[in-house]
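Peer 1: generate coordinates for the sequence data below:
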Amino acid sequence: MRRLLALVAAIAAAAVMSPAAQANAAAGEIVEVTGFGSDPGDLRMLRAVPEGLPAGAPIVVALHGCTQNGTDYGTDTGWLSLANERGFALVLPEQRAGNNLNGCFNWFESGDTGNGGGEAESIAQMVARTVADTGADPARVYVTGLSAGGAMTAAMLAAYPDVFAGGAVVAGLPFGCATSAVQAFTCMNPGTDKTPAQWGDLVRAAGSGTGASVAVWHGDADYTVAVANQRELADQWTDVRGVAPEPTGSDTVAGFPHEVYGEAVETYRITGMGHGQPVDPAGGCGTAAAFVLDVGLCAAGRMADTWAL
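Peer 2: Numbers count the residues shown, from 1 in each chain. Below you'll find the predicted structure:
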């Protein structure tokens, strides 16, 4: 929290637009924000701030997957509609082709996933800019993402444990699984097996600990990022939170298996789903698109409920 508040103060002092003007620009629509900090990762900052958003509102950071962009991801997954309906600021970092030709966040590069530098620092600066502009509650910031964005979500939770109160990884990978593009492919499929303590040690080496709750979503027919990564992510974050790696409860959500590990970690396994984020267009959540899959369950809505947005 101290680190985030320091960023907020620095960014507010250097803002190109006044906080009031920026907060009211194109209310409820996705717009680009410039001048949000030093931006060492050279990312674009896209954001939606609902009209009349009160001070103290939450923030959700949503990270797109490879070949996607921030606007489409925010719209197709249902996050934009949820932000306007429930009243929270939505931050949509966007990768540039100059950083990664496939538009992936560089979750496998140590220079982009540590505290204080690269893409991770750019994302943290976007959060700070949004707190400065809108008066959002710095204790109610959440992060989620799909695929490479899911892997970067794990990195943000590890490297900035004082910034995020919770996170959700969709079809992603454990933090620290890869430190090169070659390793990344092995991590994706078939996956890398480590003990919970080994995974937890990677997180502890990156930050000063985390109290964030973590949800892990994955399709069991995902042949891009193997579903084995869901188990490894659960092992990593239960170890970090100091709870047993076995579930303490289970049920189904919209017919899909759901397991909980105390109040720290939960998993959703979407049977028959390939690589993508679940949406429920018939229920008013999202639009089916590439890597955004209609399974009759709205992942974004479920996350919003969990985070009391």
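
Peer 1: now the helices for this protein?
Peer 2: 2-14, 19-24, 70-76, 79-86, 110-113, 118-134, 148-159, 181-188, 196-206, 228-241, 299-306 (DSSP state H).

Peer 1: quick one: low-confidence parts of this structure?
Peer 2: Within the chain, the stretches with pLDDT under 70 are 1-3, 5-26, 209.

Peer 1: count of residues packed around the spatially closest residue to residue 110 that is not a sequence neighbour?
Peer 2: The spatially closest residue to residue 110, leaving aside those adjacent along the chain, is residue 179, at 5.6 Å (Cβ to Cβ, 6 or more residues apart in numbering). Every C-beta, even on glycine, is put in place using the N, C-alpha and C of the backbone. Residue 179 has 12 neighbouring residues, counting by other Cβ atoms under 10 Å.

Peer 1: just checking, residue 179 touches residue 106?
Peer 2: No: using Cβ atoms under 8 Å, residue 179 is not in contact with residue 106, being 11.0 Å away.

Peer 1: middle-most residue in the protein, spatially?
Peer 2: residue 144 (2.0 Å; Cα atoms, centre = their mean).

Peer 1: and it, how close does it get to residue 116?
Peer 2: Per Cβ to Cβ, to the nearest Å, residue 144 is found 22 Å from residue 116.

Peer 1: which of the helices of the chain is buried the deepest?
Peer 2: Sort the helices of the chain by mean neighbour count, taking mean count of other Cβ atoms under 10 Å, and helix 148-159 sits at the top with a mean of 30.

Peer 1: rewinding a little: how about TSV for the helices of the chain, with distance to residue 35 added?
Peer 2: Below are those laid out as TSV (distance: least, Cβ to Cβ, whole Å):
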stretch	distance to residue 35
helix 2-14	7
helix 19-24	9
helix 70-76	17
helix 79-86	22
helix 110-113	21
helix 118-134	8
helix 148-159	22
helix 181-188	31
helix 196-206	28
helix 228-241	34
helix 299-306	28
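
Peer 1: residue 282 is nearest to which of these?
Peer 2: Nearest to residue 282 among the helices of the chain is helix 299-306; the distance by Cβ to Cβ comes to 12.8 Å.

Peer 1: what distance separates the closest one from the centre of its chain?
Peer 2: 13 Å (Cα atoms, centre = their mean, to the nearest Å).

Peer 1: I'd like to know which elements that helix is packed against.
Peer 2: Helices and strands touching helix 299-306, by 3 or more Cβ pairs under 8 Å, 6 or more residues apart in numbering; DSSP states H and E, are helix 79-86, strand 141-146, strand 166-170, strand 213-219, strand 265-270, strand 277-279.

Peer 1: surely the residue nearest to the centre of the chain and residue 60 touch.
Peer 2: Yes: between residue 144 and residue 60 there is a contact under Cβ under 8 Å: 7.0 Å.

Peer 1: coming back round to it: against residue 195, how distant is the residue nearest to the centre of the chain?
Peer 2: According to Cβ to Cβ, residue 144 and residue 195 sit 26 Å apart.

Peer 1: quick one: contacts for residue 197?
Peer 2: residue 239 (Cβ atoms under 8 Å, 6 or more residues apart in numbering).

Peer 1: show the contacting residues for the residue nearest to residue 218 when sequence neighbours are not counted.
Peer 2: Distances taken as Cβ to Cβ, 6+ apart place residue 230 nearest to residue 218, at 4.0 Å, with adjacent residues excluded. By Cβ under 8 Å, 6+ apart, the contact list for residue 230 reads 216, 218, 267, 269.
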